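J.: Just a sequence and a predicted model for now, questions to come.
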Amino acid sequence: MPEEFSERRRATAWLQRPAGLFAQEHVEDDLGAGHPALRAGRLYRRVSGVDRHAREVGPEELAALGDPMATLFFRRNVFPMAVQDLLDGLPDAPDQPKVYLVSEAGTIPSVGAPHLRRDIRFAITYAVRGTEADLMISTGANSDPRTTFLQVAAWDDTHQVFNYYMRIAPAWVWTGNSWDALTPGSRGRGCFDSHINGSVVMKELKQPWPNWQSQSAAIQLAEDDPLRDNPLYQRVIGAENLETTIRSQINRWTRARLRAVTADGTVQHPDHLLRQLFTTTAVNLTSTATQSASIRPGDDPLPLPMGFWLNNDALLDDLELEVEAAVPATTTARYTHSLEAFGFRLEEKASGFSRPGDTFFAFVVPEAALEDNTVVRVLCEQGLISRKFAACVLMVDFPNPVFSPDRARLMRYVPTTATAADALGDQLAHRILDAAAELPADSPEGRFAAHWNRPDATWRTDFSRRLTDYLEKVQQRITTEEGFDDYVRLAESRRRRFKAMKLNEFELTLPTTDIPATAAQLRMREDATVEEAEAGGSSVEASTG
């Protein structure tokens, strides 16, 4: 990791914080217990897990920050307290800012739910110095703009990192840069419990972008909601545009990160990179594109998201395996029956809100995160590992695209010290093969070895055939009562894993069911049946919560 980042590797989240973040108890968390009073017109720094409390940023530290917040505001002794003040201080740029709207309760009409927490937020991007966004802003939309939270992720083009800031009136706090997400001490602490890999996050990344205003759904406002008169609200565009930006930003940081850690021909901390292949460091949420309220019992097909069945983004798109099976689809009758049988409902305990049924879009589940898949793809593109190696790892437990203890077990063979870049993949493969020689054939090591030993000329065809066979078996079971009920339980098992992560911040993100929270964790088998997962296995990096 480059030495020039050693004192500036701190970061904070920008997209996923609720209105009311800066209530006093949160300020204590962000600034450290017993922190001194903040002085107006100052920039402070505080990193959870590293700094005991906030302290004022010195002139040399400020001069080292090369992002637009530092150069356009803080170096000029300007400290905007409201989002509009911030935007007014930016240079004019074509079609800027771009404004987006998100709320987990946004599709629930206010009539009949007057006490429901709406938590409507703006996500704002601004391209200051070119065509690519270099400021990403998050703030509450239905609160006083000077007291609601205000957070910024700003791209530092000189140091190729995101710098993260939050306004805590009457000052601003610099909470670090992308490297801090990867650094012991700050990793997994504070905001890094969700922005675990140093980049910006959009949980609901794909169509239909659940919870976002988009071409698929609109966030509903009462006729007299004052937000309608907000100039930012009048600029809101669909989240389909934000998806493109977030994908670009994740790719931007990933490529900068790999350039930095391989600059001398070795890979610094290969375990930091490869944990994104072997473990679940983060997830995205995916769903059907069908509004649950529109589904009526019958024989009509209801395709469930491919990311629930396998890591299609990595296996099919990036590694170019091919399947000759359709996306598994249940019937609308099976789906609607499951809602009643398992007691699906939306609940918010704080307001007492409860409504039978699923989320606005049916069958929301965790899937493999774009940020994990992007690291794997770029590792392959740069020749640090081969596509065959990545496929051999992912195929070890492909029916479980997230939270796989079997893949996580292979992390024990990953080097933790600097390793020659041109030898990383082969060295790791041989470590696993040596261990497999002493272990059963059905162990994760044994399965990897069987994959690795397949001829170079046929491994793609062999893996593609297995994926096709698996999806065909899923389709055979998904329209049966026993089979679909198993998949509902499996989905809820994965949702429980997500609910234990800090990314889960709002009660209405996922449905509640009658399946007990103490129910055994489940896993999918390659024959499309579901079984209890072995106790004691951990597939999620400990720091993700």
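T.: Nice, I can see it.

J.: And the helices in the stretch 201-350 of the chain, which stretches?
T.: Secondary structure of the stretch 201-350 of the chain by DSSP state H, counting those that start in this stretch: the helices cover 239-261, 270-278, 306-309, 312, 332-341.

J.: right, and the ones you listed - which one's nearest I196?
T.: Among the helices of the stretch 201-350 of the chain, helix 270-278 comes nearest to I196, with 9.6 Å by Cβ to Cβ. (Each C-beta comes from the backbone N, C-alpha and C, glycine too.)

J.: picking up where we left off before, same list (the helices of the stretch 201-350 of the chain) but as a markdown table, adding mean pLDDT and distance to A449.
T.: Listed next are those as a markdown table, based on pLDDT from 0 to 100; distance: least, Cβ to Cβ, whole Å:
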| stretch | mean pLDDT | distance to A449 |
| --- | --- | --- |
| helix 239-261 | 97 | 28 |
| helix 270-278 | 97 | 16 |
| helix 306-309 | 98 | 25 |
| helix 312 | 98 | 25 |
| helix 332-341 | 98 | 39 |
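
J.: can I get those helices in JSON lines with mean neighbour count?
T.: As requested, the helices of the stretch 201-350 of the chain are exported to JSON lines (neighbours: other Cβ atoms under 10 Å):
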{"stretch": "helix 239-261", "mean neighbour count": "19"}
{"stretch": "helix 270-278", "mean neighbour count": "23"}
{"stretch": "helix 306-309", "mean neighbour count": "22"}
{"stretch": "helix 312", "mean neighbour count": "22"}
{"stretch": "helix 332-341", "mean neighbour count": "19"}
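
J.: TSV please, covering those and showing distance to Q207.
T.: Conversion of the helices of the stretch 201-350 of the chain to TSV gives the following (distance: least, Cβ to Cβ, whole Å):
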stretch	distance to Q207
helix 239-261	7
helix 270-278	24
helix 306-309	12
helix 312	14
helix 332-341	19
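
J.: Please identify which of the ones you listed is closest to Q160.
T.: The nearest among the helices of the stretch 201-350 of the chain, by Cβ to Cβ, is helix 239-261 at 3.7 Å.

J.: Could you list the low-pLDDT ranges of the chain?
T.: When residues are selected by pLDDT under 70, those of the chain lie in 1-30, 32-34, 535-545.

J.: Domain ranges for it, per the record?
T.: Residue ranges for each domain of the chain read 3-256, 262-544, as given by automatic domain parsing.

J.: The longest one: how far from the chain's middle?
T.: Computed by Cα atoms, centre = their mean, to the nearest Å, the separation of domain 262-544 from the middle of its chain amounts to 14 Å.

J.: And for stretch 196-204?
T.: Stretch 196-204 has its C-alpha centroid displaced from the chain centroid by 5 Å (Cα atoms, centre = their mean).

J.: Just the CA atoms of it, as PDB, please.
T.: In PDB, the C-alpha atoms belonging to stretch 196-204 read as follows (Å, rounded to 0.1, in the frame of the first residue of the first chain):
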ATOM      1  CA  ILE A 196     -16.200  -2.100   3.400                       C
ATOM      2  CA  ASN A 197     -14.000  -1.800   0.400                       C
ATOM      3  CA  GLY A 198     -13.500   2.000   0.100                       C
ATOM      4  CA  SER A 199     -16.000   2.800  -2.700                       C
ATOM      5  CA  VAL A 200     -19.400   4.400  -2.800                       C
ATOM      6  CA  VAL A 201     -22.400   2.100  -2.500                       C
ATOM      7  CA  MET A 202     -25.800   1.700  -4.100                       C
ATOM      8  CA  LYS A 203     -27.400  -1.400  -2.600                       C
ATOM      9  CA  GLU A 204     -30.200  -1.700  -5.100                       C
END
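
J.: buried residues in it?
T.: Buried residues in stretch 196-204, counting neighbours by 16 or more other Cβ atoms under 10 Å, are found at I196, N197, G198, S199, V200, V201, M202, K203, E204.

J.: Outside of stretch 267-278 itself, list whatever touches it.
T.: Where contact means Cβ atoms under 8 Å, 6 or more residues apart in numbering, the residues beyond stretch 267-278 that reach it are 1, 182, 197, 258, 261-262, 281, 371-372, 375-376, 379, 384-385, 390, 393-394, 407-408, 410-411, 414-416, 418-421, 424, 428, 541.

J.: my bad, should have said stretch 228-243
T.: The contact list for stretch 228-243 (Cβ under 8 Å, 6+ apart) reads 83-84, 97-102, 122-125, 141, 202, 204-207, 209, 212-215, 221, 227.

J.: I figured A533 hits R525, correct?
T.: No: using Cβ atoms under 8 Å, A533 makes no contact with R525, being 10.8 Å away.

J.: neighbour-wise, which of the two wins?
T.: Using other Cβ atoms under 10 Å as the criterion, A533 and R525 rank with A533 on top: 19 against 13.

J.: Determine which two of the buried residues of stretch 196-204 are furthest apart.
T.: Farthest pair in the buried residues of stretch 196-204 (Cβ to Cβ) is G198 and E204. Separation: 20.3 Å.

J.: Where strands are concerned, which of the buried residues of stretch 196-204 count?
T.: With strands defined by DSSP state E, no entry of those lies inside them.

J.: Any chance of JSON lines for those, columns distance to A153?
T.: Compiled in JSON lines, these are given as follows (distance: Cβ to Cβ, whole Å):
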{"residue": "I196", "distance to A153": "15"}
{"residue": "N197", "distance to A153": "13"}
{"residue": "G198", "distance to A153": "10"}
{"residue": "S199", "distance to A153": "9"}
{"residue": "V200", "distance to A153": "5"}
{"residue": "V201", "distance to A153": "10"}
{"residue": "M202", "distance to A153": "12"}
{"residue": "K203", "distance to A153": "15"}
{"residue": "E204", "distance to A153": "18"}
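
J.: If we only consider those, which is nearest to P366?
T.: K203 (9.3 Å).

J.: The stretch 351-500 of the chain: helices as residue ranges?
T.: All helices of the stretch 351-500 of the chain, identified by DSSP H, counting those that start in this stretch, fall at 370-381, 387-394, 405-409, 424-436, 444-452, 459-478, 481-499.

J.: Which among those is found nearest to L319?
T.: Taking the helices of the stretch 351-500 of the chain one by one with Cβ to Cβ, helix 387-394 is closest: 5.1 Å.

J.: Now do the closest one against helix 444-452, angle only.
T.: Relative orientation of helix 387-394 and helix 444-452, computed by axes from the mean of the first three to the mean of the last three Cα atoms, to 10 degrees: 150 degrees.

J.: quick one, what contacts the residue nearest to A93 when sequence neighbours are not counted?
T.: Spatial nearest neighbour of A93, excluding adjacent residues (Cβ to Cβ, 6 or more residues apart in numbering): A127 at 5.9 Å. Contact analysis of A127 by Cβ under 8 Å, 6+ apart lists A93, Q96, A133, D134.

J.: at 6 Å instead, please
T.: Taking Cβ atoms under 6 Å, 6 or more residues apart in numbering, we find A127 in contact with A93, Q96, A133.

J.: any chance of those in a markdown table, plus distance to F360 and neighbour count?
T.: Below are these laid out as a markdown table (distance: Cβ to Cβ, whole Å; neighbours: other Cβ atoms under 10 Å):
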| residue | distance to F360 | neighbour count |
| --- | --- | --- |
| A93 | 34 | 13 |
| Q96 | 30 | 18 |
| A133 | 27 | 25 |
